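A.B. asks: What shape does this take:
(4 chains)
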Number of protein chains: 2
Amino acid sequence: MRNILLIEDDISLAKSLSGFLASEGFSVAHALGMTDGIELFEKENFECVLLDLSLDDGNGFSICSRIKSESDTPVIFLTASADETCTVMGFEVGADDYIGKPFRPRELVARIKNAIRKHASQPLLQCSNVIIDTSRGVCRKNNCEIFLSALEYRLLVLFFTNKGILLSREKIMDELWTFSGEFVGDSTLNVYIKRLRDKIEDDPANPQILKTVRGLGYKAVDA
Amino acid sequence: MRNILLIEDDISLAKSLSGFLASEGFSVAHALGMTDGIELFEKENFECVLLDLSLDDGNGFSICSRIKSESDTPVIFLTASADETCTVMGFEVGADDYIGKPFRPRELVARIKNAIRKHASQPLLQCSNVIIDTSRGVCRKNNCEIFLSALEYRLLVLFFTNKGILLSREKIMDELWTFSGEFVGDSTLNVYIKRLRDKIEDDPANPQILKTVRGLGYKAVDA
DNA sequence: TTCAAATATTACAAAATTGTAATGAAAAAG
DNA sequence: CTTTTTCATTACAATTTTGTAATATTTGAA
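C.D. replies: Numbers count the residues shown, from 1 in each chain, chains lettered A, B, ... in the order given. Here you go, the predicted model:
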């Protein structure tokens, strides 16, 4: 949770930064240079990357391009060279923010959180081992694609965008079966739930994702 | 296009900023204060709002909250009070960026573009009068829902996320029919294009959205 | 425990989707 | 102009989706 990658060759600065961010609830991994940084990035999962511009073995711009080409993780430049050309360049290679040293700690945290928040509102909806990639209209379980029909897909999207929130039968019916004044029977929903469970649950008889709340409706919950 | 709302009570600053941004290809609407600003915001459609913190008839924070509560338009604070507390506060009310005066023009443009770009990668895909709401998995034409099958939906999403870009037949087939090592004949695509056109084009015989580029592939274009 | 309500499951027909093949039309090449 | 290639259109069967109804099963309350 709140895993951050810091790529910075100034060890003492890195130390103090890590300490501070840790005190703010982040868990920080530190890489000293480009090679190191990319390796770490590809091994672990980070919610945000803090990147120094000038490194011993490469510059921040190329790392940023590299990271952005293979993922969507937020990247924030953290650098002494806050000159305008570098800043513009930073955004051009896909950075999410660019902060000049010396940084003010609370602002730094605010900007990191901002970047993470923006990223979180992105097209990937997840619930335990099931992911919907809304930017492609595809659902995957354990990275293996599951084919959902149009309505199954919509129903699951509805659940996942309201993860943890109870949805009444009425609300669900309204949301899904109001596209042409159609009216469908009440039992239809039961059947759709069953079909979704059969496709996404490890053990459909003991659903861990699509929970029923008796008398009230259904909700999707995380593991 | 690139319509920006500037809410700023310093007239001379606003003038020079507007001029500069216009020279960069933005079209800027200017409001002097809070009341004015909100009115304009609700009347027109903006891609980004630039907001001064201190206004005669209200403060920027409340405008920002207001805007964010009713839309997702990027908001950037532009302010003299670049003190840390204000900055943090700005992000807390939902700002997308916070820039202290005096601003460096090219950086300002870079940050505006950054905010707009981030926002553009959001859930609404549009092409002339057809909209895909990926956050619901629904397609609408002139605000009227169109029912697409699972694969039709995916195909259209593929086109819309690559608006204006040519997609080769091969690329399309790869993207759509590789979910289980299936191989489908080449003519399948022709048929899907036809089916989509029948559903989304005003005159399917003269497609204005899904254009064929003979010998190369297809692309979606805006009106 | 017994009962009633709510949900799960199954089975089934009507309708829609999906992929293919055959035929037509349009555009580029010769 | 003719040929060839590419794409559009149509028609069709296999499959899947979709909604319903009928039958279990579960749950909570009496």
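
A.B. asks: Flag the shaky bits of chain A, pLDDT-wise.
C.D. replies: For chain A, residues meeting the criterion pLDDT under 70 lie at A:1, A:120-122, A:179-181.

A.B. asks: got the residues of it near chain B?
C.D. replies: A:84-85, A:87-88, A:91-92, A:95-97, A:104, A:106-107, A:109-111, A:113-114, A:118, A:121-123, A:134-138, A:145, A:147-150, A:153-154, A:157-158, A:161, A:175, A:179-180 (CB under 8 Å from any CB of the partner chain). C-beta here means a position set from N, CA and C on the backbone, and glycine is covered the same way.

A.B. asks: same thing but at 7 Å, please
C.D. replies: A:84, A:87-88, A:91, A:104, A:106-107, A:110-111, A:114, A:118, A:123, A:134-138, A:145, A:147-150, A:153-154, A:157, A:161, A:179 (CB under 7 Å from any CB of the partner chain).

A.B. asks: Put the alpha carbons of stretch A:30-37 into PDB.
C.D. replies: Output of stretch A:30-37 as PDB, limited to C-alpha atoms (Å, rounded to 0.1, in the frame of the first residue of the first chain):
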ATOM      1  CA  HIS A  30      15.100   3.600  -3.100                       C
ATOM      2  CA  ALA A  31      17.200   3.100  -6.200                       C
ATOM      3  CA  LEU A  32      20.500   5.000  -6.700                       C
ATOM      4  CA  GLY A  33      20.500   5.100 -10.500                       C
ATOM      5  CA  MET A  34      18.900   4.400 -13.700                       C
ATOM      6  CA  THR A  35      19.700   0.700 -14.100                       C
ATOM      7  CA  ASP A  36      18.800   0.000 -10.500                       C
ATOM      8  CA  GLY A  37      15.600   2.100 -10.700                       C
END
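
A.B. asks: re the thing from before, filter the residues of chain A next to chain B down to the buried ones and express that as a PyMOL selection.
C.D. replies: To isolate the buried members of the residues of chain A next to chain B in PyMOL, using 16 or more other CB atoms under 10 Å in any protein chain shown:
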select buried, chain A and resi 87+88+91+104+107+110+111+114+118+123+134+135+136+137+138+148+150+153+154+157
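
A.B. asks: Out of the residues of chain A next to chain B, which sit inside helices?
C.D. replies: A:84, A:87-88, A:91, A:106-107, A:110-111, A:114, A:118, A:150, A:153-154, A:157, A:161 (DSSP state H).

A.B. asks: Helix, strand, or coil at residue A:49?
C.D. replies: State at residue A:49, reduced to three classes by DSSP: H, G, I helix; E, B strand; the rest coil: strand.

A.B. asks: if I pick it, what's in contact with it?
C.D. replies: With contact taken as CB atoms under 7 Å, 6 or more residues apart in numbering or on different chains, residue A:49 is in contact with A:5, A:7, A:41, A:67, A:73-75.

A.B. asks: Report the buried residues of stretch A:30-48.
C.D. replies: For stretch A:30-48, the neighbour count (16+ other CB under 10 Å) marks A:30-34, A:37-38, A:40-41, A:46-48 as buried.

A.B. asks: ditto for stretch A:175-187
C.D. replies: For stretch A:175-187, a neighbour-count test (16+ other CB under 10 Å) marks A:175-177 as buried.

A.B. asks: A strand includes residue A:132, no?
C.D. replies: Yes. With three-state DSSP as the criterion, residue A:132 is assigned to a strand.

A.B. asks: Can you report how many residues lie near it?
C.D. replies: Close neighbours of residue A:132, defined as other CB atoms under 10 Å in any protein chain shown, add up to 26.

A.B. asks: Quick check: chain neighbours aside, which residue is closest to it?
C.D. replies: Leaving aside its sequence neighbours, residue A:132 sits nearest to residue A:125 (CB to CB, 6 or more residues apart in numbering or on different chains; 4.3 Å).

A.B. asks: Now the one you found: phi and psi?
C.D. replies: Main-chain torsions, residue A:125, degrees, to the nearest 10: phi -110, psi 130.

A.B. asks: Is there a neighbour count for it? I'd like the number.
C.D. replies: Residue A:125 has 19 neighbours, counted by other CB under 10 Å.

A.B. asks: got the domain boundaries for chain A?
C.D. replies: Domain assignment of chain A by automatic domain parsing yields the ranges A:3-120, A:124-220.

A.B. asks: out of those domains, deepest packed?
C.D. replies: Most buried of the domains of chain A, by mean neighbour count (mean count of other CB atoms under 10 Å in any protein chain shown): domain A:3-120, with a mean of 18.

A.B. asks: Give me every residue in chain A lying close to DNA strand C.
C.D. replies: A:150, A:169, A:187, A:190-191, A:193-194, A:197, A:204-205, A:207, A:212-217 (CB under 7 Å from any atom of the strand).

A.B. asks: hmm, back to that, can you pick out the most distant pair from the ones in helices among the residues of chain A next to chain B?
C.D. replies: Maximum pairwise distance among those (CB to CB): 49.2 Å, between A:84 and A:150.

A.B. asks: Go through the buried residues of stretch A:175-187 and name the one nearest DNA strand C.
C.D. replies: residue A:177 (13.9 Å; CB to the nearest atom of the strand).

A.B. asks: gap between the closest one and chain B?
C.D. replies: Counting by CB to the nearest CB, to the nearest Å, the gap from residue A:177 to chain B is 12 Å.

A.B. asks: what sits against that residue?
C.D. replies: residue A:184.

A.B. asks: now the strands for chain A?
C.D. replies: Along chain A, counting by DSSP state E, strands occupy A:3-7, A:27-31, A:48-51, A:54-55, A:58-59, A:75-79, A:97-100, A:124-127, A:130-133, A:138-141, A:144-146, A:167-168, A:210-213, A:217-220.

A.B. asks: closest one to residue B:57 among these?
C.D. replies: Per CB to CB, nearest to residue B:57 of those: strand A:97-100, 30.8 Å.

A.B. asks: Starting from that closest one, tell me which strands it pairs with and how they run.
C.D. replies: The strands that strand A:97-100 pairs with in its sheet are strand A:75-79 (parallel) (by DSSP bridges).

A.B. asks: how far out from the middle of the chain is the partner strand?
C.D. replies: Per CA atoms, centre = their mean, to the nearest Å, the displacement of strand A:75-79 from the mean C-alpha position of its chain is 19 Å.

A.B. asks: what's near enough to touch residue A:53?
C.D. replies: A:59-60, A:77, A:79, A:81, A:86.

A.B. asks: swap the cut-off to 8 Å and go again
C.D. replies: Residues in contact with residue A:53 (CB atoms under 8 Å, 6 or more residues apart in numbering or on different chains) are A:59-61, A:77, A:79-81, A:86, A:90.

A.B. asks: No further queries at this time; thank you.
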